[in-house]
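Chemist: Need a 3D model of the following:
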Amino acid sequence: MTPQEVHDYFGSTYRFNKDTGMSLSNMGYWFKKGYVPIESQAFLHRFTKGKLKIDLDLTIVEDDVSNESKRNKGRA
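Modeler: This next block holds a predicted model:
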């Protein structure tokens, strides 16, 4: 699922926060990064009873970003 799909499902960041109890800043961070972390996708998938689908391709992107960050740590 994409950040836009989450926003569209709930209709607003307010409704997202009110319904899920998740922080409003989560969605802003997801839009900034361009993906919803896999743990949040799993929660939202269960919360929406499968209406929002887990996107395993985004898991690969997230892992690649995380690994790239670790590889570049300490480089000048």
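Chemist: For the spatially most central residue of the chain, give me its contacts.
Modeler: With distances taken as CA atoms, centre = their mean, the chain has residue 36 as the residue nearest its mean C-alpha position (1.4 Å). Counting by CB atoms under 8 Å, 6 or more residues apart in numbering, residue 36 touches 1, 2, 3, 6, 30, 44, 55, 58. Where C-beta positions appear, they are placed from N, C-alpha and C, glycine not excepted.
Chemist: That one - nearest residue in space that isn't next to it in sequence?
Modeler: Leaving aside its sequence neighbours, residue 36 sits nearest to residue 30 (CB to CB, 6 or more residues apart in numbering; 5.0 Å).
Chemist: Assess the claim that the one you found and residue 1 are in contact.
Modeler: No - in this structure, residue 30 is not within contact of residue 1 by CB atoms under 8 Å, at 9.6 Å.
Chemist: In this structure, what helix or strand scores lowest on average pLDDT?
Modeler: Here the helix or strand of the chain ranked lowest by mean pLDDT, DSSP states H and E is helix 56-72, holding a mean of 56.
Chemist: Check the gap between the residue lying closest to residue 42 once chain neighbours are set aside and residue 12 for me.
Modeler: Nearest non-adjacent residue to residue 42, counting by CB to CB, 6+ apart: residue 54, 6.3 Å away. With the distance defined as CB to CB, to the nearest Å, residue 54 ends up 23 Å from residue 12.
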